[in-house]
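[1] predicted coordinates and the sequence they were generated for:
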Amino acid sequence: MALKIKPLADRVIVEPAPAETQTASGIIIPDTAKEKPQKGTVVAVGNGKKDQPLTVKVGDTVLYGKYAGTDLKFDGKDYLIMREDDILAII
């Protein structure tokens, strides 16, 4: 996935995973009740700060906060740009 955007400093660009359309028990979730996903794949990373290198890399699947990041639409795809501090875990 070559993205033409290069985030600065400690920012990363994440492609959110698709929202769940069905529960584990088989109930179909309508569009109005779908929640924003909290999992995604890192597609671009910045250079980090001088005294703090980044720990995530391109291709990592990460968990992030529900309201983390800023929505970004580029080439018809939805992305989130956020600081590395907003990432909770690497899966």
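    Yep, it's here. Numbers count the residues shown, from 1 in each chain.

[2] use CA for all of it now, contacts and neighbours both
    OK.

[3] which residue is nearest the middle of the chain?
    The structure's the chain has its C-alpha centroid closest to Val14; by C-alpha atoms, centre = their mean the separation is 3.0 Å.

[4] which residues are in contact with Pro16?
    Contacts of Pro16 were listed using C-alpha atoms under 8 Å, 6 or more residues apart in numbering, and they are Pro37, Gln38, Lys39, Gly40, Thr41, Asp78, Tyr79, Leu80.

[5] number of residues surrounding the second one?
    Using other C-alpha atoms under 10 Å, Gln38 has 18 other residues around it.

[6] still on that earlier bit, name the nearest residue to the residue nearest to the centre of the chain, sequence neighbours excluded.
    Val42 (4.4 Å; C-alpha to C-alpha, 6 or more residues apart in numbering).

[7] and if you look at Leu54?
    Counting by C-alpha to C-alpha, 6+ apart, the residue nearest Leu54 is Gly48, at 5.2 Å.

[8] strand partners (parallel or antiparallel) of the worst-scoring helix or strand of the chain on mean pLDDT?
    Lowest on mean pLDDT, DSSP states H and E among the helices and strands of the chain sits strand 70-74, with a mean of 90. Using DSSP bridges, the strands paired with strand 70-74 in its sheet are strand 77-83 (antiparallel).

[9] got the buried residues for the strand it pairs with?
    By 16 or more other C-alpha atoms under 10 Å, the buried positions in strand 77-83 come out as Tyr79, Leu80, Ile81, Met82, Arg83.

[10] neighbouring contacts of the helix or strand just after it?
    Sequence order places strand 87-90 as the next helix or strand after strand 77-83, per DSSP states H and E. With C-alpha under 8 Å, 6+ apart as the contact definition, strand 87-90 has outside contacts at Val56, Asp60, Thr61, Val62, Leu63, Tyr64, Gly65.

[11] ok, now stretch 21-34?
    Residues from elsewhere that reach stretch 21-34, judged by C-alpha under 8 Å, 6+ apart: Ala19, Glu20.

[12] go again using 7 Å as the cut-off
    The contact list for stretch 21-34, computed with C-alpha atoms under 7 Å, 6 or more residues apart in numbering, reads Ala19.
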